[in-house]
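1. sequence and predicted structure below; questions after.
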Amino acid sequence: VQLVESGGGLVQPGGSLRLSCAASGFTFSSYVMSWYRQAPGKERELVAFINSAGGSTNYADSVKGRFTISRDNAKNTVYLQMINLKPEDTAVYYCKAVRMAAGFKTYEYWGQGTQVTVSS
């Protein structure tokens with residue numbers, strides 16, 4: 001199982017980035033996919049998630065209207081489009097895959113993260 005994030009980098013305030021998370025080793029289309037982030041000295045927080053079919057999304061209040069999560073089940077990839085970036089968006093961004101199975105068994109996988117730095 002692998003989740004590999006890419007697309008992070010240094011961007012000026014007001015700029016944009018598109019993160020990608022490529023999945024392999026599991027049935028991607030059966031999993032809810034999420035993006036989390038963790039800033040230095042802070043707890044990891046949920047940024048956005050999307051259901052397995054891609055028809056339902058949800059966002060943290062701090063990113064609503066600026067970030068868009070999407071997925072391409074044919075490419076086993078989830079994306080996070082970020083616009084109007086702010087310095088407080090600076091963090092390591094992680095993708096997560098989760099599936100609930102029978103008997104309350106949970107399958108959960110994390111990527112290694114990609115750094116996003118918003119600074120002038």
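-> Alright, I've got the coordinates. Numbering: from 1, shown residues only.
2. please name the nearest non-neighbouring residue to Ala97.
-> Spatial nearest neighbour of Ala97, excluding adjacent residues (Cβ to Cβ, 6 or more residues apart in numbering): Tyr31 at 4.2 Å. To be clear about C-beta, it is placed using only N, CA and C from the backbone, and glycine gets the same treatment.
3. what sits against the one you found?
-> Shown in contact with Tyr31 (Cβ atoms under 8 Å, 6 or more residues apart in numbering): 23, 52, 97-99, 107.
4. what do you get if the cut-off is 7 Å, keeping everything else the same?
-> 52, 97-99 (Cβ atoms under 7 Å, 6 or more residues apart in numbering).
5. Gly65: what secondary structure?
-> coil (DSSP: H, G, I helix; E, B strand; the rest coil).
6. now the buried members of the contacts of Tyr31.
-> Buried members of the contacts of Tyr31, scored by 16 or more other Cβ atoms under 10 Å, are 52, 97.
7. turn the contacts of Tyr31 into JSON lines, columns for pLDDT, secondary structure and distance to Gln12.
-> Output for these, formatted as JSON lines (pLDDT from 0 to 100; DSSP: H, G, I helix; E, B strand; the rest coil; distance: Cβ to Cβ, whole Å):
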{"residue": "Ser52", "pLDDT": "94", "secondary structure": "coil", "distance to Gln12": "35"}
{"residue": "Ala97", "pLDDT": "98", "secondary structure": "strand", "distance to Gln12": "31"}
{"residue": "Val98", "pLDDT": "97", "secondary structure": "strand", "distance to Gln12": "34"}
{"residue": "Arg99", "pLDDT": "95", "secondary structure": "strand", "distance to Gln12": "38"}
